[in-house]
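J.: Predicted structure and sequence below. I'll ask about it afterward.
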Amino acid sequence: MKFETEKSPAPYLNRKDQYRLMGLCGMLLLIVISIDFTSRAENWAWFFSVGQDADVTDLKELDLEELDFRIDDPDQTPLAQDEFRVPQEAAPEPEADNIQLDVSQIPKELLEEVQDRRVGLLRTEEPAMDVVLKRVQVLSEEELEAAAVENPGFRVVFTDSDIHRGQLIRVDGTLWRLQRYPYGDPATEDDDLWQAWLFTADSANNPWVVFLTEKPESLSPAEQIDQPVAVVGYFFKNYGYATELGLHIAPMLIAKTMKLVEVQQASEDQEDNLGRYIFGFLIAIGLLFGIMIWRFTVSDRRFQSGRLAKIAESSHDATPESIAALDSIETHDPHQLNISGNDQNDRNEETTR
């Protein structure tokens, strides 16, 4: 009786080759992880802009191309020859004092005369504007902060302006411009407002416009301010304004004032430590790759000078006898018909018959 034991598969790679293959796979995995890490936009600011202020002009372009920023001007609508326009008197507004106060929302019936996509503020919108201005002047900043909702987003407010009209919204962004806006009695500046233009992270190059009743004491009117701020205001309309490239639209808020947001600057020690960590990590990766390549090179040289290399090289070389035997082999052209001797004799006998 004969028993056969199972044989393990032939080791096509020895232990050193297996270690080498594992090392190469580890290096490839590390490279892939590094590529994936650097391809994420949220890591760019951490890696390249530590302790630096964000630039509004460098905000990434978002998918806002399908939004319609055109101004609606009903006066430009063509009329037929027998048609004419009659100015319509504004409907009487309900008394604001008789409506129950809701800090987070201006009643919709007070804002019925507000029109989106019109350049500037219309005369018919002044009563609604006065109601909102009175609201923000009476309420304190703490009451407004407590009742405000987080910013739904530039795209949402811009698209669904009827839904969000009169809603108290908190917007965090970068103040770009602040200027005085004449309002109320032209003989005095007491009723004037402050017009602020700011950008948010999701608005790309499209600003928000905010009308303030009070200017922050630490701010002065300027064309380019570049200051992070937080503002709580009521969304009023999509405000049309003129630019060098033509007419444009911006969501408009009416607020009491705005707060300056202090940017936490990274200290020099933190920046130095972070730079040291990154530099040390790169050195460690370089040393690891260098050691692996050096070990592979040494292993290849040992193999080339060893007995196995000679055996492998000699086993693949043809012997002189094998080369000489090739000369004795009869060759013929594969494209020509080759007829053996027996077949030729049989063909001759058939011919004589």
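T.: Yes, it's here. Numbers count the residues shown, from 1 in each chain.
J.: would you say Leu168 is within a strand?
T.: Yes: assessed by DSSP: H, G, I helix; E, B strand; the rest coil, Leu168 belongs to a strand.
J.: in the sheet, who's paired with it?
T.: Tyr234 (DSSP bridges).
J.: so it makes contact with Phe236?
T.: No: in terms of C-beta atoms under 8 Å, Leu168 does not count as a neighbour of Phe236; the distance is 11.4 Å. No exception for glycine: its C-beta is placed from N, CA and C like everyone else's.
J.: Can you pull the phi/psi pair for Ile329?
T.: The phi/psi pair for Ile329 (degrees, to the nearest 10) reads phi -80, psi 130.
J.: what separates it from Thr319, distance-wise?
T.: 16 Å (C-beta to C-beta, to the nearest Å).
J.: Would you mind telling me which of the two has the busier surroundings?
T.: Thr319 (9 against 6; other C-beta atoms under 10 Å).
J.: could you pull out the strands for the chain?
T.: Per DSSP state E, the chain has strands spanning 118-119, 149-150, 168-181, 193-199, 208-212, 227-243, 246-260. These are given in chain order.
J.: Any idea which of those gets closest to Leu288?
T.: Leu288 lies closest to strand 227-243 among these, at 41.3 Å (C-beta to C-beta).
J.: Over to Ile106: give its phi and psi.
T.: Backbone torsions for Ile106, taken as degrees, to the nearest 10, come to phi -80, psi 130.
J.: Now it: closest residue in space that isn't a chain neighbour?
T.: Gly166 (3.3 Å; C-beta to C-beta, 6 or more residues apart in numbering).
J.: surely that neighbour meets Phe235?
T.: Yes: if you go by C-beta under 8 Å, Gly166 and Phe235 touch, sitting 6.8 Å apart.
J.: Using CSV, lay out the strands of the chain together with mean pLDDT and mean neighbour count.
T.: Output for the strands of the chain, formatted as CSV (pLDDT from 0 to 100; neighbours: other C-beta atoms under 10 Å):
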stretch, mean pLDDT, mean neighbour count
strand 118-119, 90, 17
strand 149-150, 90, 11
strand 168-181, 94, 19
strand 193-199, 94, 22
strand 208-212, 95, 24
strand 227-243, 93, 21
strand 246-260, 92, 20
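J.: Figure out which of the ones you listed is closest to Glu112.
T.: For Glu112, the closest of the strands of the chain is strand 227-243, at 12.0 Å, according to C-beta to C-beta.
J.: Packing partners of the closest one?
T.: Packing partners of strand 227-243 (3 or more C-beta pairs under 8 Å, 6 or more residues apart in numbering; DSSP states H and E): strand 118-119, helix 126-138, helix 141-147, helix 161-164, strand 168-181, strand 193-199, strand 208-212, strand 246-260.
J.: between these, which gets nearest to Trp294?
T.: Of all the helices and strands packed on strand 227-243, strand 168-181 sits nearest to Trp294, with 51.2 Å by C-beta to C-beta.
J.: Now do the closest one against strand 227-243: the angle between them, please.
T.: Angle of strand 168-181 versus strand 227-243, following axes from the mean of the first three to the mean of the last three C-alpha atoms, to 10 degrees, is 70 degrees.
J.: same for strand 168-181, what does it pack against?
T.: By 3+ C-beta pairs under 8 Å, 6+ apart, strand 168-181 packs against helix 141-147, strand 149-150, strand 193-199, strand 208-212, strand 227-243, strand 246-260.
J.: That's all I had, so thanks and see you.
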